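1. Here's my sequence, what's the structure:
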Amino acid sequence: MKSAVLVAMAVALTACGMQPVPVVPLANRQSDAAGKRFWNPMPGMAAVYIYRGPDAIPPQVLSLTARDRQVGWLTPSTWIRDDVAPGRYDVGCVVGRELAGSTSLDLRPSTMIFLQASTQAGSNACTLSEVPANIGRDGVVAAVETQPPYGQ
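-> Have a look, this model is predicted:
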C-alpha cells in the first residue's frame, strides 16, 4: 500500500514537470527526537551533525564519506549524526559516483560541530560548510534524520 502511494506521487509529480524527491531510508521517530536533544558525545569522542536544508531542484541524493567510510545519505531537509574518535577527517560529498565537494575537519575530544551540505540548481557540486551551533541546531530541528548505513 505504502509503495503504491509513493509510485502514484512520483507519477503525479513527473506529470506536473516536477522532479520527485529521491528516497533514502529515514530513522524512526524516537531516534530523530533523541538526536535533536543534542546530547554531548561520549567521553573522548566528537559528534558531527551534517544536515541539508530544502535546497536546489532537482533534489539529488548526497552520499557522505569520511576516511573512506560511508557515513550516510542526505536528500533535502534531512540530517545525520556521526560520533567519531578525535582526529583529522576529510568529509566528502558524492553525487552519483563523482566527488562533488569535500572539507577537512580537525576534531577534538568532546566537541560537537555542525556541517551544512548544500547544492546549487543545475550543478553537481556540493558544499560542506561548518556553521555556528545555533544555526546548525535550527537546521537539524527543521529536518528529519536518515538511517546510517547498515553495520554502524
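2. where's stretch 28-45 relative to the chain centroid, distance-wise?
-> In this view, stretch 28-45 has its centroid 15 Å away from the chain centroid, taken as CA atoms, centre = their mean, to the nearest Å.
3. Need the distance between the two termini of stretch 101-121.
-> End-to-end distance of stretch 101-121 (CA to CA, to the nearest Å): 15 Å.
4. Quick check: mean pLDDT of it?
-> When pLDDT is averaged over stretch 101-121, the result is 93.
5. What's the separation between the closest residue to residue 88 other than its chain neighbours and residue 129?
-> Take residue 88 and drop its neighbours on the chain: the residue closest to it by CB to CB, 6 or more residues apart in numbering is residue 106, 5.2 Å away. (Glycine included, C-beta is placed from N, CA and C.) According to CB to CB, to the nearest Å, residue 106 and residue 129 sit 16 Å apart.
6. returning to that earlier point: which residues are in contact with the residue nearest to residue 88?
-> When contacts are counted by CB atoms under 8 Å, 6 or more residues apart in numbering, residue 106 touches 87-89.
7. Just the buried ones among the residues you listed, please.
-> residue 89 (16 or more other CB atoms under 10 Å).
8. Sort out for me which of the contacts of residue 106 are in strands.
-> Counting by DSSP state E, these place 87-89 in strands.
9. Format those as JSON lines; extra columns: pLDDT and distance to residue 136.
-> Output for these, formatted as JSON lines (pLDDT from 0 to 100; distance: CB to CB, whole Å):
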{"residue": "87", "pLDDT": "96", "distance to residue 136": "21"}
{"residue": "88", "pLDDT": "96", "distance to residue 136": "20"}
{"residue": "89", "pLDDT": "94", "distance to residue 136": "17"}
